[in-house]
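In: Just a sequence and a predicted model for now, questions to come.
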Amino acid sequence: MSWDQIIGQQRVKQLLRGMCESGRLPHAMLFHGPEGTGKDAAALMLARALNCREGGFDPCGSCSSCQSMQRLRHPRLKLVFPLVSKADEDTAVDKLSDEELEEMNAQIDAKAENPYHHMRMAKAAGIKISSVRDIRHEAAFRASTDGRTVVLISDADRMNSNAANALLKTLEEPTGDLLLILTTARKDSLLPTIISRCQLLRFEPLQEREIHDALLRRTDISKEEAGAAAQLSGGSYGLALQLALEGGLIKREEVLAYLRAIVAGNPNKLMERIQTILAEEDKQTLVRFLVVVATWFRDVLAVQSDAADRVLNSDFREPIQKFAEHYPDADCSRAVDEIAYFIDLVQKNVHLVNMMIVLSKRLRRCIIPSEHAF
């Protein structure tokens, strides 16, 4: 992996190069910005550069250090991300069950294969205080060897209050050559005192062309699939990859069934549909579903604007056309805005069923503006 494999983010890469070459890297950094824009990938590349035996900002990729970093099994790299919760929050990783350890290692392996992979365990509750307490020990243990110890705290906003306070102590009293890199898509969820002690680097949404080209280089999907995924991604390569490879582009039938349940006005049928959508109990799957719902409304808006050639779901052109004709007063722009708002809520501590009920009511008002309720 080289810096060229970090998609876009030229400004960030230039800033990191300047810090490395001037020897002015801080002891703590906060990479923030939308999901799937390369925050973790850049952090891992920086860790490789700082520990490459050849030296310099551009790692050689062939030395033993680079090879270990490629596998994410380097003694100078520590990954912290949400783990399965135990009754005792001080429980260490070595107390996880064999199945949980296998799942954790599978997530790390997936991250090694694709640095844009979002590490998440099925029943993870958050980042535990034990993970944060291990950081100072790790730094002290490795301080006498060559290179620099890098701790990547991914999804830093998911630290519980005890973990956040423990991290704050580490930030106030830097240990050895430790470099802490926190990554988050929800910076405002972090303690202000943590934010103030980190150097911030903002990762911007990626350009559609950058995502399109990366998908063509890194996958075997068609140009049409890459184009659709890039357009639906909202500037997130991670989401585009999920849409392209994990079935996100073929769930239009489910979207159509959901919209029919909304306009039918039968609360029981709608609840059945919502429960089907949430059956997997996976927030990322729900986000992908809502993204595709938003593209439906964008396509209806295109038809309303006599721009049918811009329809993304081209294989559903006929039902989209009928929808536009049947609901000529539908406020599709507002519907897209409502969906964007609720996509942001998904990542927060909300009851997903209640959230979907409220969203469905709002979408019905967008589709049938003359009504004020079910």
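Out: Done, it's in. Numbers count the residues shown, from 1 in each chain.

In: residue contacts, I127?
Out: When contacts are counted by C-beta atoms under 8 Å, 6 or more residues apart in numbering, I127 touches 80-83, 153, 155-156, 158-160, 163. All C-beta spots, glycine's among them, are computed from the backbone N, C-alpha and C.

In: among the residues you listed, which one has the lowest pLDDT?
Out: In terms of pLDDT, L83 ranks lowest among the contacts of I127, with 78.

In: That one touches L96, doesn't it?
Out: Yes - with contact defined as C-beta atoms under 8 Å, L83 counts as touching L96 (7.2 Å).

In: Looking at those two, which is more packed in?
Out: Taking neighbours as other C-beta atoms under 10 Å, L83 and L96 compare with L83 leading, 24 against 17.

In: any idea how far the more buried one is from Y116?
Out: 21 Å (C-beta to C-beta, to the nearest Å).

In: ditto for E338
Out: Using C-beta to C-beta, we find E338 at a distance of 28 Å from Y116.

In: Then L241?
Out: With the distance defined as C-beta to C-beta, L241 ends up 6 Å from Y116.

In: Find residues that contact each of those two.
Out: By C-beta under 8 Å, 6+ apart, the residues touching both L241 and Y116 are G36.

In: can you give me how far the longest helix along the chain is from the chain middle?
Out: Assignment by DSSP state H gives helix 283-304 as the longest helix of the chain. From the chain centre to the centre of helix 283-304 is a distance of 18 Å (C-alpha atoms, centre = their mean, to the nearest Å).

In: what helices or strands is that helix leaning on?
Out: Contact analysis of helix 283-304 by 3 or more C-beta pairs under 8 Å, 6 or more residues apart in numbering; DSSP states H and E lists helix 223-232, helix 237-245, helix 252-264, helix 317-326, helix 332-346, helix 352-367 as its packing neighbours.

In: Any buried residues in stretch 253-262, and which?
Out: Of the residues in stretch 253-262, 255-256, 258-259, 261-262 count as buried by neighbour count, 16 or more other C-beta atoms under 10 Å.

In: next one: stretch 218-237
Out: Neighbour counts over stretch 218-237 (16+ other C-beta under 10 Å) mark 221, 225-237 as buried.

In: Outside of stretch 215-223 itself, list whatever touches it.
Out: Counting by C-beta under 8 Å, 6+ apart, 225-226, 229-230, 237, 240-241, 244-245 sit against stretch 215-223.

In: switch to 10 Å and redo it
Out: Identification of contacts with stretch 215-223 by C-beta atoms under 10 Å, 6 or more residues apart in numbering yields 5, 7, 114, 116, 212, 225-230, 233, 237, 240-241, 243-245, 249.

In: on that earlier part again, can you redo the helices and strands packed on helix 283-304 as a markdown table with mean pLDDT?
Out: Shown next, in a markdown table, are the helices and strands packed on helix 283-304 (pLDDT from 0 to 100):
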| stretch | mean pLDDT |
| --- | --- |
| helix 223-232 | 77 |
| helix 237-245 | 80 |
| helix 252-264 | 88 |
| helix 317-326 | 87 |
| helix 332-346 | 83 |
| helix 352-367 | 92 |
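
In: closest to Q275 out of these?
Out: Ranking those by proximity to Q275 (C-beta to C-beta) places helix 352-367 first, at 7.4 Å.

In: now the angle from that closest one to helix 252-264?
Out: 70 degrees (axes from the mean of the first three to the mean of the last three C-alpha atoms, to 10 degrees).

In: and helix 352-367, what does it pack onto?
Out: On a contact count with 3 or more C-beta pairs under 10 Å, 6 or more residues apart in numbering; DSSP states H and E, helix 352-367 meets helix 252-264, helix 267-277, helix 283-304, helix 332-346.

In: among those, which is the most enclosed?
Out: Using mean count of other C-beta atoms under 10 Å, the stretch among the helices and strands packed on helix 352-367 with the largest mean neighbour count is helix 283-304, at a mean of 21.

In: Where does pLDDT dip in the chain?
Out: Low-confidence segments of the chain, defined by pLDDT under 70: 1, 84-95, 122, 136-145, 246-251, 280-282, 308, 311-315, 347-349, 371-374.

In: Tell me how it divides into domains.
Out: 3-204, 207-246, 251-367 (automatic domain parsing).

In: Endpoint to endpoint, the longest one covers what distance?
Out: Using C-alpha to C-alpha, to the nearest Å, the span of domain 3-204 from its first residue to its last is 17 Å.

In: can you tell me how far W3 sits from I274?
Out: 44 Å.

In: again, but for A228
Out: According to C-beta to C-beta, A228 and I274 sit 26 Å apart.

In: how about I127, phi and psi?
Out: Backbone torsions for I127, taken as degrees, to the nearest 10, come to phi -90, psi 120.

In: beta partners of it?
Out: I127 forms beta bridges with M159, as assigned by DSSP bridges.

In: check contacts around the closest residue in space to I357 that isn't next to it in sequence.
Out: Among residues not flanking I357 along the chain, I274 sits closest, at 6.8 Å (C-beta to C-beta, 6 or more residues apart in numbering). Contacts for I274 (C-beta under 10 Å, 6+ apart) come out as 258, 261, 352-357, 359-360.
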